[in-house]
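Enquirer: Sequence plus predicted model, see below.
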Amino acid sequence: MGYSLITLLAISMIVFSLVRLTGDPILLFLPQDASAAEVERLREQLGFNDHLVVQYGRFLRSALTGDLGFSLKHQEPALRVVLARLPATLELAAASMALTLALALPTGIVSALRRNSWLDRLVMAGVVL
C-alpha cells in the first residue's frame, strides 16, 4: 500500500512537471494578439502566478477530491471530458489485454516446452525487445 502511494505521488509530480515544462498554457488559449494585461489577468485568475509548490499542492488537493478542474479547450469540467471518453478507453484497454493474452500465452507455452532451443531464445529476445 505504501509503495502504491509513493508511486502515485511520483507520477502526479511527473505529470505536473511535464505540463509546466511544455510552456505557458495561457498562451495556448488566448489569441496571439492578446494584450499583456489580458495574459496577466488570466494567469492570475487561474493561479499560474503562484509558486510552483503552491500550484502543485492545489493540483494534488483537487485531484484527491475528484476535482480535475476546468478544460479550457473544451470549455467544460475536465472530469466530464474524461468520463465522456472512458468507454473508448476501456474498449481500447480490453482489446489490448485480449491481444496481449492471445500472443503471450501460446508463446509462453511454446517457450516453456522447448527450453533453451532456438525458438525459446527467439521468444526471449522478442520479450526483451
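Expert: Happy to help now that I have it. Residues are numbered from 1 along each chain as shown.
Enquirer: Would you mind measuring from the residue sitting nearest the centre point of the chain to Asn116?
Expert: In the chain, the C-alpha nearest the mean C-alpha coordinate belongs to Val15, at 6.7 Å (Cα atoms, centre = their mean). Val15 is 43 Å from Asn116, where distance means Cβ to Cβ, to the nearest Å. For glycine as for every other residue, the C-beta is placed from the backbone atoms N, C-alpha and C.
Enquirer: cool, Val54 as well?
Expert: Taking Cβ to Cβ, one finds Val54 at 58 Å from Asn116.
Enquirer: same check, this time on Thr100
Expert: 25 Å.
Enquirer: re the thing from before, so how far is the strand or helix carrying the residue nearest to the centre of the chain from its chain's centroid?
Expert: Per DSSP states H and E, Val15 falls inside helix 2-21. On the basis of Cα atoms, centre = their mean, to the nearest Å, helix 2-21 sits 10 Å off its chain's mean C-alpha point.
Enquirer: buried ones in it?
Expert: Judged by neighbour count (16 or more other Cβ atoms under 10 Å), helix 2-21 contains these buried residues: Phe16.
Enquirer: try stretch 69-84
Expert: Ala78.
Enquirer: Run the chain-centre distance for that stretch.
Expert: For stretch 69-84, the distance to the chain centre is 15 Å (Cα atoms, centre = their mean).
Enquirer: and it, average pLDDT?
Expert: For stretch 69-84, mean pLDDT rounds to 87.
Enquirer: Run through who's touching that stretch.
Expert: With contact meaning Cβ atoms under 8 Å, 6 or more residues apart in numbering, stretch 69-84 is reached by 25, 28-29, 62, 66-68.
Enquirer: Let's see the ChimeraX selection covering just the buried ones among those.
Expert: Only the buried entries of the contacts of stretch 69-84 go into this ChimeraX selection, using 16+ other Cβ under 10 Å:
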select :68
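Enquirer: Secondary structure and distance to Pro106 for the contacts of stretch 69-84 - can I get that in a markdown table?
Expert: Listed next are the contacts of stretch 69-84 as a markdown table, based on DSSP: H, G, I helix; E, B strand; the rest coil; distance: Cβ to Cβ, whole Å:
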| residue | secondary structure | distance to Pro106 |
| --- | --- | --- |
| Pro25 | helix | 46 |
| Leu28 | helix | 47 |
| Phe29 | helix | 49 |
| Ser62 | helix | 45 |
| Gly66 | coil | 41 |
| Asp67 | coil | 45 |
| Leu68 | coil | 40 |
